[in-house]
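Colleague: Build me a model from this:
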Amino acid sequence: MATLCKNCGHPVKYDPQIQRVTCDYCGSVFVAQDLRDDSQEILEDIEPSRVNDADFMDSYVYTCNSCGGEIFVSGTEASTTCIYCGSPSVVFSRIARHRRPEYIIPFRITKEEVISSVEAKFKKSITIPKELRHLKVEDIRGIYLPYWLVNADHYGSVGFGRVIYINNQAEWEGHNNAGSMQVKNLSVNATSILPDEFCSRLEPYTVGAMKLFDESYLLGFYSDASDITFGELQDTVNKRASDMFKAYSVPSGYTLESSEHSTAIHYKELRYAMFPVWFMTYSFEGVNHTIIVNGENGKIASGIPLNDKPVKVLLVLLTLIFSALFFYIFRTLILEMANVGGNGRAAIGFGAMIVAGLVFLIGFSSRRYKKVLKNIKLSQNAAVYGFMKKRQG
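Modeller: Residues are numbered from 1 along each chain as shown. Down below sits the predicted model:
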């Protein structure tokens, strides 16, 4: 239900810019922890209406204090805005019924700051289509995403090696590493609707900036609740801990051959928190795109449509320039070194270095290009777009 201003009775909302709860009607400002909805204790006792038919789902039904409209909230929602009048409402029973978050990182970046930073990024990019130079934002919403903060012990062993040359003979040099490490405050996305890869691009969050959870921080924003199982949590933690162990254990220049891992989560130390995210949507050439922005530090974590013509032209120009440079050096310098100084082997080696540099440049550019395309594809993820649009207010 809507939390109302103590002074005028109108709905209040949380303002990230000043880190306070404000009333737009009378201008009153409150500290979040000092503001409490009088109906909260009553709401926490409400039981959901249950239907046995498998075609239906349990719902919590609340009435908007401002307009009297009924709000039906699905089992994975934690708070919402009235879909009829836009009054900020907080579904306290849903939070209390499943698991009340222990911590929250409040929004620090405002909607205006998000739009400004995204527009600036679009304008300065030389590879963005000119149609997007002046971005038309269709929708932007602040949503608190649920996270589990995990402490765990990880045990792993890895086998790795590299090819070395001894007396001009190639030999394999193999090594093994085994050990354990402690994982502290690993933040794990707790909503199954959004891909982990999508959410991981928002990190890092400042765990030290967390505050004790208070419903007032939700005012004017949306939020989701954890819907993953402990088994899914275990799989995610084990994968991320394994990746960290391999990164620490396998030196650069070596190839991973084998690995075995196990992770023991300290379940009694699990902490449930909410982290802030801005979701911005726009359409381009009939395709919906979603940009996500870290609501704490403003990190933009999505790809933007690519005008690949200048990229391809640049790659062709670089290839031509390096090819011409190689041809010039080979014709005027290397052959002269070989003929005059008799140092043909050094000349050939120098030429090989230039060729290797050209191959590296092309390969690096190709990898960067593929990464950009992957980011763009992620921004077009239908599940992410649907997740955000479900929270239409």
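Colleague: Low-confidence ranges, this structure, go.
Modeller: For the chain, applying pLDDT under 70 flags the ranges 1-2, 9, 35-98, 125-127, 131-133, 303-315, 326-393.
Colleague: Helices of that one, start to end?
Modeller: Listed in chain order, the helices found in the chain under DSSP state H are 40-43, 92-98, 111-124, 196-200, 230-249, 308-329, 335-336, 344-379, 382-389.
Colleague: helices and strands around the fifth one, which ones?
Modeller: It stands for helix 230-249. Here helix 230-249 touches strand 139-166, strand 169-189, strand 255-265, going by 3 or more CB pairs under 8 Å, 6 or more residues apart in numbering; DSSP states H and E. The C-beta positions use only the backbone N, C-alpha and C, and glycine is treated the same way.
Colleague: Can you check which of these gets nearest to Cys5?
Modeller: strand 139-166 (20.4 Å; CB to CB).
Colleague: Buried residues of that closest one, list them for me.
Modeller: For strand 139-166, the neighbour count (16 or more other CB atoms under 10 Å) marks 140-152, 154, 156, 158-161 as buried.
Colleague: circling back to that earlier point, could you redo the helices and strands packed on helix 230-249 as CSV and give each row distance to Cys5?
Modeller: As requested, the helices and strands packed on helix 230-249 are exported to CSV (distance: least, CB to CB, whole Å):
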stretch, distance to Cys5
strand 139-166, 20
strand 169-189, 34
strand 255-265, 43
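Colleague: Which of those strands sits closest to Phe221?
Modeller: strand 139-166 (4.4 Å).
Colleague: neighbouring strands for that closest one, and are they parallel or not?
Modeller: In the sheet, strand 139-166 lines up against strand 169-189 (antiparallel), strand 222-224 (parallel), strand 255-265 (antiparallel), strand 271-284 (antiparallel) (DSSP bridges).
Colleague: Show me what counts as buried in the longest one.
Modeller: Spelled out, it's strand 169-189. For strand 169-189, burial by neighbour count (16+ other CB under 10 Å) applies to Asn177, Met181, Val183, Leu186, Ser187, Val188, Asn189.
Colleague: Nearest to Met280, out of those residues: which one, please.
Modeller: Met280 lies nearest to Asn189 out of these, by CB to CB, at 19.0 Å.
Colleague: Pull the contacting residues for the closest one.
Modeller: Counting by CB atoms under 8 Å, 6 or more residues apart in numbering, Asn189 touches Leu145, Pro146, Tyr147, Asp196, Cys199, Ser200, Thr236.
Colleague: surely the second one meets Thr191?
Modeller: Read it as Pro146. Yes - here Pro146 reaches Thr191: they are 5.8 Å apart, a contact under CB atoms under 8 Å.
Colleague: Overlap in contacts, these two.
Modeller: Common neighbours of Pro146 and Thr191, counting by CB under 8 Å, 6+ apart, are Asp224, Ala225, Ser226.
Colleague: Reformat those as a markdown table; add distance to Asn294.
Modeller: Formatted as a markdown table, these follow (distance: CB to CB, whole Å):
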| residue | distance to Asn294 |
| --- | --- |
| Asp224 | 16 |
| Ala225 | 20 |
| Ser226 | 20 |
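Colleague: Go through those and say which is closest to Ile300.
Modeller: The closest of the shared contacts of Pro146 and Thr191 to Ile300 turns out to be Asp224 (CB to CB; 20.7 Å).
Colleague: The closest one bridge partners, please.
Modeller: Under the criterion used (DSSP bridges), Asp224 bridges to Glu77.
Colleague: Look up how far Tyr144 lies from it.
Modeller: 7 Å (CB to CB, to the nearest Å).
Colleague: now do Ser226
Modeller: To Tyr144, Ser226 is 12 Å away according to CB to CB.
Colleague: Touching, Ala178 and Ser157? I think so.
Modeller: Yes - in this structure Ala178 lies within contact range of Ser157 using CB under 8 Å: 3.8 Å.
Colleague: got the phi/psi numbers for Gly286?
Modeller: Here the main-chain torsion angles of Gly286 (degrees, to the nearest 10) amount to phi 80, psi 0.
Colleague: any chance of the shared contacts of Pro146 and Thr191 in a markdown table, plus neighbour count?
Modeller: Converted to a markdown table, the shared contacts of Pro146 and Thr191 look like this (neighbours: other CB atoms under 10 Å):
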| residue | neighbour count |
| --- | --- |
| Asp224 | 22 |
| Ala225 | 24 |
| Ser226 | 22 |
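Colleague: Name the nearest of the residues you listed relative to His134.
Modeller: Proximity of these to His134 (CB to CB) peaks at Asp224, which lies at 31.7 Å.
Colleague: Domain map for the chain?
Modeller: As recorded under automatic domain parsing, the domains making up the chain are 13-98, 111-212+221-305+380-389, 308-376.
Colleague: Ile292 and Lys299 touch, don't they?
Modeller: No - between Ile292 and Lys299 there is no contact, the gap being 9.1 Å when judged by CB under 8 Å.
Colleague: neighbour count winner among these two?
Modeller: Ile292 (24 against 16; other CB atoms under 10 Å).
Colleague: quick one, what contacts Asp153?
Modeller: Here Asp153 is in contact with Ser180, Met181, Gln182, Val183, Thr263, Ala264, His266 (CB under 8 Å, 6+ apart).
Colleague: what do you get for Val12?
Modeller: The neighbours of Val12, taking CB under 8 Å, 6+ apart as the test, are Thr3, Leu4, Cys5, Val21, Thr22, Cys23, Ser28, Phe30, Leu35, Pro88, Leu219.
Colleague: isn't the last one right up against Arg20?
Modeller: Yep, that's Leu219 we're talking about. No - proximity of Leu219 to Arg20 does not meet the contact threshold set by CB under 8 Å, at 10.7 Å.
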